[in-house]
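**Q** Okay, predicted coordinates and the sequence, questions at the end:
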Amino acid sequence: MSEALDPQQAAAAEVTVEQIRALCGASTPHFAMQLRNRILRLIEGLPEEHPARREGELEIARLEQIGFDGEIRGRQADPGMEPLASVNDPDKR
């Protein structure tokens with residue numbers, strides 16, 4: 001995934017909540033930091049009360065969490081299986 005903005009989004013007159021949600025709809029830990037950077041560029045310069053900025057800040061926090069901690073999907077591990085190490089847990093690297 002590129003960190004470059006979509007030319008149509010870059011040319012848009014105003015950033016919308018829908019644009020932020022479209023970027024983050026299928027976010028994964030693997031691409032979380034690239035998405036975070038794209039959102040940062042989209043919302044920079046927007047006033048703090050702007051709905052797209054608020055949505056972007058919420059998504060940035062979520063993306064940072066899954067980017068560093070990963071995310072849990074599916075069922076719990078089978079007995080005896082160790083979970084994969086998190087980049088935030090140096091004891092499990």
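**A** Thanks, I have the structure now. Just so it is clear, the model here is predicted, and its values are computed rather than measured.
**Q** Give me the helices and strands touching the helix ranked longest in the chain, please.
**A** Using DSSP state H to define each element, the chain has its longest helix at helix 51-69. For helix 51-69, the elements it packs on are helix 17-24, helix 32-43, judged by 3 or more C-beta pairs under 8 Å, 6 or more residues apart in numbering; DSSP states H and E. The C-beta positions use only the backbone N, C-alpha and C, and glycine is treated the same way.
**Q** for the last one, which positions count as buried?
**A** Across helix 32-43, burial judged by 16 or more other C-beta atoms under 10 Å covers 32-36, 38-39, 41-43.
**Q** Same question for the first one.
**A** Judged by neighbour count using 16+ other C-beta under 10 Å, the buried positions of helix 17-24 are 19-20, 23-24.
**Q** per-residue pLDDT, the closest residue to residue 57 other than its chain neighbours?
**A** Sequence neighbours aside, residue 43 is the residue nearest to residue 57 in space, at 7.3 Å (criterion: C-beta to C-beta, 6 or more residues apart in numbering). Looking at residue 43, its pLDDT stands at 96.
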